[in-house]
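A.B. asks: Below are the sequence and a predicted model for it; my questions follow.
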Amino acid sequence: MDLLNTLVDKGLRRELPTREEALAVLATSDDDLLDVVAAAGKVRRHWFGRRVKLNYLVNLKSGLCPEDCSYCSQRLGSDTGILKYTWLKPDEASKAAAAGLAGGAKRVCLVASGRGPTDRDIDRVAGTIKAIKDQNEGVEVCACLGLLSDGQAERLREAGADAYNHNLNTSESTYGDITTTHTYADRVDTVTKAHAAGLSACSGLIAGMGESDEDLVDVVFSLRELDPDSVPVNFLIPVEGTPLAKEWHLTPQRCLRILAMVRFVCPDIEVRIAGGREVHLRTQQPLALHLANSIFLGDYLTTEGQAGQADLEMIADAGFEVEGTDQVTLPEHRVRAGGGCGSHESAGCGSHEDAGCGSHDGAGCGSHEAGGVCGTAAVAAEPRTDLVAVRRRGAGTDLAPNA
Ligand code: SF4
């Protein structure tokens, strides 16, 4: 297909596709899906080989958020029945992080619900970062604490944070449909502040909120403009008790096309499959490793993922390898440019998110149509509520974490 040859050539040259080309990827048929995966896989292997970076989420503070993000089970008024707790102590967070690191993760993502941190919260997180870094040489730490005020990104950087996550989630034109308590511009501002402070910026999206193909392309192009080191791609988990609980739009094929589109637009950026991987890709998860070079190990913030051991077996069975702490995540030109980790020396790393942060969870908008997936493949997605399990282990409980 001419389209795919063009996109591979552009991806290898780090050249931005046109919007029309990105839209065309989303519009490909299921018959062409393996060709799309193969083409985007060439770009992925060129920049990231067969490495898969593992990231581990620690939810430092869960639930009772005053914001109203429609996709989020931690929003005020959510009756999802998630774990609710206030700040974990540094040793509790460090213990949770250690489980993920022992399972093969090289990055720990410290997430807290809320609009944004107070200066006292930054102190708390600084203590937690120190505890984790003191006990785990070479670990990358990403913070995800919501909207940042002036000077807070610098303080996190001084405390040893490598990266900061804050997602754009959806296009600017539809942002007001999913959240009313803060704006798209607020989110851009926080990503910009993190960047300016020398933190590796991590910013991504949530697909499956009823958005159109144009919205998806808009948000991915906006992300590329912000130039993050990592882009987490969340697939909405329509959690009962949230306004988007009935928004089941995604099929495994749709998810693969979205990941391929993100890879073509962000060829040399860490693309991470975040929340919703198990729920929406299901048995097709291994194919997605040909597109993304990063995943979360184990559980998400408020929902459970598949067993950490199953993640590791999937990676090995699909012919990929877990990225080690001695391997650099990002291509050399990005590390030299001042971002990117993987090197765990000076600058920040390059990733982060889940059904988690930046958005702090992973559900979606509510706007637009109600029924069909926009764009292509008008196959109705069957609600798989049986695959959604509220997290009941790990951080905030007495039970061992999944790692
Ligand atoms: S995504 Fe973050 S800011 Fe929005 S409701 Fe959830 S915890 Fe609060």
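C.D. replies: That came through fine. No experiment lies behind these values; they were computed from the predicted model shown. Residues are numbered from 1 along each chain as shown.

A.B. asks: how about the helices in the stretch 301-403 of the chain?
C.D. replies: 308-317, 332-336 (DSSP state H, counting those that start in this stretch).

A.B. asks: of all those helices, which lies closest to the ligand?
C.D. replies: Proximity to the ligand (CB to the nearest ligand atom) singles out helix 308-317 among these, at 24.0 Å. For glycine as for every other residue, the C-beta is placed from the backbone atoms N, C-alpha and C.

A.B. asks: quick check, distance from the closest one to the centre of its chain.
C.D. replies: Centroid separation between helix 308-317 and its chain, computed with CA atoms, centre = their mean, to the nearest Å, is 19 Å.

A.B. asks: Go through it and flag the buried ones.
C.D. replies: For helix 308-317, burial by neighbour count (16 or more other CB atoms under 10 Å) applies to 308, 311-312, 314-315.

A.B. asks: Who are the packing partners of it?
C.D. replies: helix 285-288, strand 321-322 (3 or more CB pairs under 8 Å, 6 or more residues apart in numbering; DSSP states H and E).

A.B. asks: Out of these, which gets nearest to Asp32?
C.D. replies: With CB to CB as the criterion, Asp32 lies closest to helix 285-288 of the helices and strands packed on helix 308-317, at 13.8 Å.

A.B. asks: Does that closest one pack against any helices or strands, and if so which?
C.D. replies: helix 252-265, helix 308-317.

A.B. asks: Include mean pLDDT and distance to Ser62 when you put the helices of the stretch 301-403 of the chain into CSV, please.
C.D. replies: Output for the helices of the stretch 301-403 of the chain, formatted as CSV (pLDDT from 0 to 100; distance: least, CB to CB, whole Å):
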stretch, mean pLDDT, distance to Ser62
helix 308-317, 97, 20
helix 332-336, 85, 33
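
A.B. asks: Could you state which residue of the protein sits nearest its centroid?
C.D. replies: Pro232 (2.7 Å; CA atoms, centre = their mean).

A.B. asks: Looks like that one contacts Gly204 (just checking).
C.D. replies: Yes: between Pro232 and Gly204 there is a contact under CB atoms under 8 Å: 3.5 Å.

A.B. asks: quick one: Ser78 from the ligand, how far?
C.D. replies: 8 Å (CB to the nearest ligand atom, to the nearest Å).

A.B. asks: re earlier: pipe the helices and strands packed on helix 285-288 into CSV and attach distance to the ligand per row.
C.D. replies: Formatted as CSV, the helices and strands packed on helix 285-288 follow (distance: least, CB to the nearest ligand atom, whole Å):
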stretch, distance to the ligand
helix 252-265, 20
helix 308-317, 24
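
A.B. asks: What is the burial count for the closest residue to Arg257 other than its chain neighbours?
C.D. replies: Leaving aside its chain neighbours, Arg257 sits nearest to Leu26 (5.4 Å; criterion: CB to CB, 6 or more residues apart in numbering). By other CB atoms under 10 Å, 22 other residues sit near Leu26.

A.B. asks: Over to Arg282?
C.D. replies: Using other CB under 10 Å as the criterion, the residues surrounding Arg282 number 13.

A.B. asks: That one: what's it in contact with?
C.D. replies: 252, 384, 387 (CB atoms under 8 Å, 6 or more residues apart in numbering).

A.B. asks: tell me the secondary structure for the nearest residue to the second one once chain neighbours are set aside?
C.D. replies: Sequence neighbours aside, Val279 is the residue nearest to Arg384 in space, at 6.0 Å (criterion: CB to CB, 6+ apart). When states are read from DSSP: H, G, I helix; E, B strand; the rest coil, the local structure at Val279 comes out as helix.

A.B. asks: Hmm, Val279 is touching Ile237, no?
C.D. replies: Yes: contact criterion CB under 8 Å: Val279 and Ile237 qualify, at 5.5 Å.

A.B. asks: circling back: and the residue nearest to the centre of the chain, what pLDDT?
C.D. replies: Listed pLDDT for Pro232 reads 98.

A.B. asks: Give me the packing partners of whichever strand or helix holds it, helices and strands only.
C.D. replies: Element membership for Pro232, per DSSP states H and E: strand 230-235. Applying 3+ CB pairs under 8 Å, 6+ apart, we find strand 230-235 packed against strand 200-202, strand 205-207, helix 252-265, strand 270-273.

A.B. asks: Residues contacting the helix or strand where Asp121 lies, please?
C.D. replies: Per DSSP H and E, Asp121 falls inside helix 119-135. Helix 119-135 has contacts (CB under 8 Å, 6+ apart) with 60, 87-88, 90-91, 93-94, 97-98, 108, 110, 112, 114, 117, 139, 141, 143, 145, 152, 155-156, 158-161.
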